[in-house]
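*Asks:* Need a 3D model of the sequence below.
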Amino acid sequence: MTRMPGARDGDRAGGRFITLEGIEGCGKSTQLERLVSRLRTAGAEPLVTREPGGTELGRRLRALLLARDAPAMDPLSELLLYATDRTQHLQEVVLPALRQGRLVLCDRFLDATLAYQGYGRQLGVEPILRLHRDPPLDLRPDRTILLDLQVEVALGRARARNRELGLEDAEGRYEDEQLDFHARVRSGYLELAAADPDRFRVIPAAGEIEEVERRIAEALADLIPALEPQ
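*Replies:* Residues are numbered from 1 along each chain as shown. Next up, the predicted model:
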């Protein structure tokens, strides 16, 4: 697999771009909340965003992409909707914040598209990388935290969460996919991480929430001074 090129320095101006990734139910959103709380306690104020859904356009696209009753989509059509969401998100939210020197934490980014559409939908990674070779889509994270969890465990968590929060219809489209789809996504994530070890940190997500939180903080401490042990 082709290794993704690094982000453009001119778009950063001192900012840091950190992404969290993983299959459905890996605990990513919970850990993002805990990371934000830890940073704020230390006096940092990150910009927190997500894909899809980090802009008004993105929220409308999210509803279309994740709803259980969404129209059937060709995988390429699905990919292009994610790229549309990402373009708007970068131009409206991420790049302006980085140029201001902000720390940006994002729940999913390009690696999710590579894993879900490239591996899960079996489009392959090269067409997706070609789509993301020009500005603004050529931006890459400084660090990606990949929370890794066994598929059966993660999917059970995700489905239970959706039932508890009443999100089965609004955001249950991927949870309805079969285990082999999610297994391809997990395998894809791990292949992406193996191909780019300088950027990725793979964090086992099966432990206690506090232990996973500690591992994430340690994996980011070299980039974010507020996370360094006191």
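*Asks:* Okay, helices next: where are they in the chain?
*Replies:* 28-41, 56-66, 75-89, 95-99, 110-113, 125-131, 151-165, 168-171, 179-195, 209-220 (DSSP state H).
*Asks:* doesn't residue 38 make contact with residue 217?
*Replies:* Yes: contact criterion C-beta atoms under 8 Å: residue 217 and residue 38 qualify, at 6.3 Å. To be clear about C-beta, it is placed using only N, CA and C from the backbone, and glycine gets the same treatment.
*Asks:* what is in contact with the two at once?
*Replies:* residue 227 (C-beta atoms under 8 Å, 6 or more residues apart in numbering).
*Asks:* okay, now residue 33: neighbour count?
*Replies:* Residues near residue 33, counting by other C-beta atoms under 10 Å, number 13.
*Asks:* and the nearest residue to residue 106 once chain neighbours are set aside, what does it touch?
*Replies:* Using C-beta to C-beta, 6 or more residues apart in numbering and skipping the chain neighbours, the partner closest in space to residue 106 is residue 19 (4.8 Å). Each residue near residue 19 by C-beta under 8 Å, 6+ apart is listed here: 105, 106, 107, 108, 109, 111, 141, 143, 144, 145.
*Asks:* What's the separation between the fourth one and residue 126?
*Replies:* Counting by C-beta to C-beta, to the nearest Å, the separation of residue 108 from residue 126 is 21 Å.
*Asks:* More neighbours: those two, which one.
*Replies:* Higher neighbour count among residue 108 and residue 126: residue 108, with 23 against 11, using other C-beta under 10 Å.
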